[in-house]
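Peer 1: Got a predicted structure plus its sequence, pasted below:
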Amino acid sequence: MAVIFRETYIIQIMATSHVHQIMEGGNDQFTMKRLVYLYVANGSADINNIPVWSCANQTQESFALNFHTEGFAHLFKEFIRTKLFDEILVVMESNRSPGSMPFAPGITILVVPHIECLWPHLRKDDIMWARGGWRTWWKFLNEWHELDRWLLFYRAASNRGAWTFWDIVLDDLTDKASIDGLGRFYFPINKPMNPTIFKPVQTERIYDLCIGASHVHDKKGQWRILEILDCFETRFERKLKCILPGSIHRGEGTRKLLAGLAVNNVDIITPGMVPRSDMCTIYNQSKLFVHLGSGGQNDRGPLEAMACGTPVMLANEEFHAPFMRTTTTPFSFHVTATNPVQAAFEIYEALELIEKAGETFRNNVLYWFQYKNSIDRVIIPQFTYLFELLKNNDRSNKQEVLEHLLGYNAENALPGQSTHFGSM
């Protein structure tokens, strides 16, 4: 098994009555700090009734088995290849199949039945990055913070970015580093897409619209499409052929959508939850991807679509990456989702433009995406700049590190600059 154990020492956390064992540092075998990525919580055990488990068991947890499809999975392999880290531990909290599995050279997936079971597998020099803010993690994260260790959070438009113990909030909805009025630090990143999955494919464009991806629920706005399609058919005297992938979630608007699909005369295919490899085919078969939501978290659907060369149409651009907004690129479109008559006209104009431009438009979409969001050109330099600072500086130098990061832009991410402040 790939999890490496080191000599342990005991740390007493003053704020609690708990004593946690954490791996000791200082062994010459470990010359670089390790990244610990808290990926997901999916049915944790009761803290008062944790079953007997062994990390030597091969996990069959579904999130672990499907992690290879994630953009961050590909990014982490690049972290290892470029020697940004020599080891990464991906952690999942689930009581469904606790254990571990080797994922790739230098990368191990550890599935713990409860987040508190992670303590014996941590080292005092780990850099911790939480993808989400599940409530069961709050106590654990706060105690890690008490140890004066680096703690990062992927914001994803979540209110849990307001939790006070984050050192750095990674924000993919902005392109500028900032500090808010409460002193929370936001560092701009781009969300990676897996280029081995999402890429252009030569195929017939059989759908006029792909309406969202992954999940169907109110904040993603799929329920608005029925009225828009009705207005489109009334005004332009033709039906649009659409596909609406995703598992169905509850919500007032979504209930109306399901009822409408049963009685409305619309051409919409609903394949349900679709594997990411099949979503690549759907994006490539679609002339236009439409996101009608008024919320979300830099939804991966539009990013995946652009990675395939499919133009995107967004209702609320502030909830998406800056490079996708119509103020920064001519290769995406705005849709007024709250006005179905206007939205129908905007969709018509977009489809007409795409039709006239032919494959040239898709090629331009793909070029723009690769120029602005490729892992090699954009995302690796972002994270290299950030993590070199964190690896070379203890959290005791936090103020100097954040002041340096506050001036971050693409020109800063150059080799040869000092990334060490104060004493280690």
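Peer 2: Alright, I've got the coordinates. Note that the structure is a prediction, hence the values are computed from the model and not measured. Numbering: from 1, shown residues only.
Peer 1: Tell me where the stretch 51-200 of the chain is predicted with low confidence.
Peer 2: Applying pLDDT under 70 to the stretch 51-200 of the chain flags residues 133, 156-158, 161.
Peer 1: For the helix or strand encompassing E400, enumerate the helices and strands it packs against.
Peer 2: Following DSSP states H and E, one finds E400 within helix 398-406. If you count contacts as 3 or more CB pairs under 8 Å, 6 or more residues apart in numbering; DSSP states H and E, helix 398-406 packs onto strand 178-179, strand 185-188, helix 380-392. No exception for glycine: its C-beta is placed from N, CA and C like everyone else's.
Peer 1: Would you list the strands that the first one pairs with, along with their directions?
Peer 2: By that I understand strand 178-179. Applying DSSP bridges, strand 178-179 is found paired with strand 185-188 (antiparallel).
Peer 1: What is the three-state secondary structure of M306?
Peer 2: Following DSSP: H, G, I helix; E, B strand; the rest coil, the label given to M306 is helix.
Peer 1: thinking again about what came up before, centre of the chain to the helix holding E400, how far?
Peer 2: On the basis of CA atoms, centre = their mean, to the nearest Å, helix 398-406 sits 24 Å off its chain's mean C-alpha point.
Peer 1: before we move on, the earlier item: to G301, which of the helices and strands packed on helix 398-406 lies closest?
Peer 2: Closest approach to G301 among the helices and strands packed on helix 398-406 is made by strand 185-188 (21.0 Å; CB to CB).
Peer 1: Export only the CA atoms of the next helix or strand along the chain from that closest one, formatted as PDB.
Peer 2: Note on strand 185-188: by DSSP H and E, the next helix or strand toward the C-terminus is strand 207-211. Taking Å, rounded to 0.1, in the frame of the first residue of the first chain, the C-alpha atoms of strand 207-211 are listed here in PDB:
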ATOM      1  CA  TYR A 207     -28.400  18.700 -31.200                       C
ATOM      2  CA  ASP A 208     -29.100  22.400 -31.500                       C
ATOM      3  CA  LEU A 209     -28.800  22.800 -27.700                       C
ATOM      4  CA  CYS A 210     -27.200  20.900 -24.800                       C
ATOM      5  CA  ILE A 211     -29.000  22.200 -21.700                       C
END
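Peer 1: Tell me if I am right that P271 is in a strand.
Peer 2: Yes. The assignment for P271 is a strand, going by three-state DSSP.
Peer 1: burial count for it?
Peer 2: Residues lying near P271 (other CB atoms under 10 Å) number 12.
Peer 1: Now do the same contact list for it.
Peer 2: 243, 245, 282 (CB atoms under 8 Å, 6 or more residues apart in numbering).
Peer 1: try F63
Peer 2: 39-40, 42, 92, 94.
Peer 1: What is the nearest of these to L351?
Peer 2: V40 (37.2 Å).
Peer 1: rewinding a little: any chance of the contacts of P271 in CSV, with distance to I211 and neighbour count too?
Peer 2: Below are the contacts of P271 laid out as CSV (distance: CB to CB, whole Å; neighbours: other CB atoms under 10 Å):
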residue, distance to I211, neighbour count
I243, 7, 22
P245, 8, 23
I282, 11, 23
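Peer 1: Next step: those residues restricted to helices.
Peer 2: I282 (DSSP state H).
Peer 1: with the contacts of P271 in mind, which one is nearest to A162?
Peer 2: Proximity of the contacts of P271 to A162 (CB to CB) peaks at P245, which lies at 32.5 Å.
Peer 1: pLDDT at that closest one, what is it?
Peer 2: Per-residue pLDDT puts P245 at 95.
Peer 1: That one reaches M279, doesn't it?
Peer 2: Yes. Using CB atoms under 8 Å, P245 is in contact with M279, at 6.7 Å.
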